[in-house]
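[1] here you go, sequence then predicted model.
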Amino acid sequence: MAKKKGSKTKKGKKPHKNKPTSKKYTKYKIDGEKITRSRFCPRCGPGVFLMEAKDRLYCGKCHYAEFKGKVKKEEEVKKEEKKE
Ligand SMILES: [Zn+2]
């Protein structure tokens, strides 16, 4: 005697749910004829945008992080030049 399989669990169509749409289009701003894009990931390349926090940029794909406050001031650069 062969047992009946799947007699209790229903097979077939699942209730369709719409997937959340990509928010990538929000990273593009069209100003007249110019298109400006947000910062993209230097590792992943254009197409993968960086998440923007208050003091840093972060890539959700490769976990690349860029800190906004890391930009050297002119005075700091001059000091480093003197050392050498
Ligand atoms: Zn990345």
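    That came through fine. Owing to the predicted nature of the structure, the values given are computational and were not obtained by experimental measurement.

[2] show the end-to-end separation of stretch 25-45, please.
    Distance between the two ends of stretch 25-45: 16 Å, counting by Cα to Cα, to the nearest Å.

[3] just checking that stretch against the ion, any contact.
    Yes. For a cut-off given as Cβ under 5 Å from the ion, stretch 25-45 has contacts with the ion, namely 41, 43, 44. To be clear about C-beta, it is placed using only N, CA and C from the backbone, and glycine gets the same treatment.

[4] for the first one, list the residues it contacts.
    With contact set as Cβ atoms under 8 Å, 6 or more residues apart in numbering, residue 41 has these partners: 48, 49, 50, 59, 61, 62, 64.

[5] can I get those residues in a markdown table with secondary structure, pLDDT and distance to residue 34?
    A markdown table is the format used below for those (DSSP: H, G, I helix; E, B strand; the rest coil; pLDDT from 0 to 100; distance: Cβ to Cβ, whole Å):
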| residue | secondary structure | pLDDT | distance to residue 34 |
| --- | --- | --- | --- |
| 48 | strand | 88 | 22 |
| 49 | strand | 88 | 18 |
| 50 | coil | 89 | 21 |
| 59 | coil | 92 | 25 |
| 61 | coil | 92 | 27 |
| 62 | coil | 95 | 29 |
| 64 | coil | 92 | 27 |
